[in-house]
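K.L.:
Give me a model of this one.
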Amino acid sequence: MALFRAKKPAGKPGEWFYCLEHKKVEEGPDCPGKDRFGPYATRAEAEHAMQTAADRNLQWETDPRWHDKEAGPDDEPGPSGP
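P.N.:
Down below sits the predicted model:
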């Protein structure tokens, strides 16, 4: 008899996820949260999860509000001491 049972991911009917491990769309969370994007309202949204993530990453990388000042040669981390 097992002392601990593996907890199945919980979700609502009609929720769609994109599984990063299996690289496929799944209805309901069949895989652990660390391996999936979602939930999405439709299968089509889940199918485009990787493109949506790429678009959002590009927006973040090019948004000037999210960048600190440019690092100069004096700002480089390195060994300390004389």
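
K.L.:
ok, longest helix in this protein?
P.N.:
With secondary structure taken from DSSP state H, the chain has its longest helix at helix 49-62.

K.L.:
all strands for this structure, in order.
P.N.:
Ranges of strands in the chain, per DSSP state E, are 16-19, 24-27, 36-40.

K.L.:
Please identify the deepest-packed of those strands.
P.N.:
Ranked by mean neighbour count, these are led by strand 16-19 with a mean of 22 (mean count of other CB atoms under 10 Å). For every residue, glycine as well, the C-beta is placed using N, CA and C.

K.L.:
ok, that strand: who's next to it in the sheet?
P.N.:
Here strand 16-19 is paired, per DSSP bridges, with strand 24-27 (antiparallel), strand 36-40 (antiparallel).

K.L.:
quick revisit: for the longest helix of the chain, packing partners?
P.N.:
strand 36-40 (3 or more CB pairs under 8 Å, 6 or more residues apart in numbering; DSSP states H and E).

K.L.:
mean confidence for the strand it packs on?
P.N.:
Mean per-residue pLDDT for strand 36-40: 94.

K.L.:
Just the residues contacting that strand, thanks.
P.N.:
11-12, 15-21, 26, 29, 46, 49-50, 53 (CB atoms under 8 Å, 6 or more residues apart in numbering).

K.L.:
Of the residues you listed, just say which sits nearest to residue 35.
P.N.:
Nearest to residue 35 among these, counting by CB to CB, is residue 21 at 4.3 Å.

K.L.:
residues touching the closest one, list them.
P.N.:
31, 35-36.

K.L.:
of the residues you listed, closest to residue 63?
P.N.:
Using CB to CB, these come closest to residue 63 at residue 36, 25.8 Å.
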